[in-house]
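>>> make a model of this:
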Amino acid sequence: MAGIIYSDKARKFAIAREVVGVDSYHVITKFFAVGLVIPSVSSLLARLDDRIQLYRYPLRMRVAWFSAWSVVAVLAVAATWDAVCRYYESDADRTVAAMGVEYLEGGVEYYAKRLLMNRALRELLGKEGRDTYSEAGDVRYLLWEPRLPLTQQRAFFEKKLAAARSAQVVAEVKQNENEDSREAKPV
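Okay, the predicted model is just below:
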């Protein structure tokens with residue numbers, strides 16, 4: 001059980017990520033995008049209807065035609081909604097990652113423990129758990145992923161943390177070289 005309890009760094013990261021997420025315009029953007037997709041599909045459908053003159057065809061054929069385009073509209077709305085969601089999730093991660101090494105370490109731990117929890121649920125829930133979670137701990141979706149995979153988010157923070165640590169080492173080496181060169185200069 002202690003393996004899933006978050007440290008202060010992970011909690012700090014989670015709070016910062018939520019604050020950044022709430023501070024964004026993702027809700028407005030989602031509804032604005034959906035508001036553009038539905039009229040666009042409706043306009044396209046009206047133009048196609050005029051071009052092929054559907055009113056001359058039997059009712060069943062027109063119903064099938066409009067039903068097929070309704071499915072296209074629903075899929076377009078869902079894809080748009082998911083794309084906006086994924087963009088703002090990755091944007092929140094990038095923003096929090098820029099806050100410093102402590103947040104990077106918290107992000108790595110946070111996502112690692114969420115994956116650990118999902119893997120535990122996979123085992124505890126049996127068949128339903130295996131259907132819901134992958135072996136790595138990511139949530140499985142039917143058609144496409146409306147959210148970024150947790151493994152991808154953890155890898156992002158691991159990469160940023162490694163880069164930050166190597167930059168810190170380089171800065172320390174340069175600082176030591178500068179101090180050594182000042183001491184070596186005769187006055």
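>>> all helices of the protein, in order?
Taking DSSP state H as the test, the helices found in the chain are 8-22, 26-52, 59-97, 101-124, 127-132, 150-184.
>>> show me what the third one is packed against.
If contacts are counted by 3 or more Cβ pairs under 8 Å, 6 or more residues apart in numbering; DSSP states H and E, helix 59-97 sits against helix 8-22, helix 26-52, helix 101-124, helix 150-184. Heads up, the C-betas are built off the backbone N, CA and C, glycines and all.
>>> what's the closest non-adjacent residue to the residue nearest to the spatial centre of the chain?
Centroid-nearest residue in the chain, with Cα atoms, centre = their mean: Leu148, separated by 3.4 Å. Nearest residue to Leu148 in three dimensions, chain neighbours excluded: Glu89, at 5.1 Å (Cβ to Cβ, 6 or more residues apart in numbering).
>>> surely that neighbour and Arg147 touch.
Yes: here Glu89 reaches Arg147: they are 6.3 Å apart, a contact under Cβ atoms under 8 Å.
>>> settle it for me: which of these two has more neighbours?
More crowded of Glu89 and Arg147, by other Cβ atoms under 10 Å: Glu89, with 19 against 14.
>>> need the contact list for the more buried one.
Going by Cβ atoms under 8 Å, 6 or more residues apart in numbering, Glu89 touches 21, 147-148, 153.
>>> likewise for Val41?
69, 72-73, 76.
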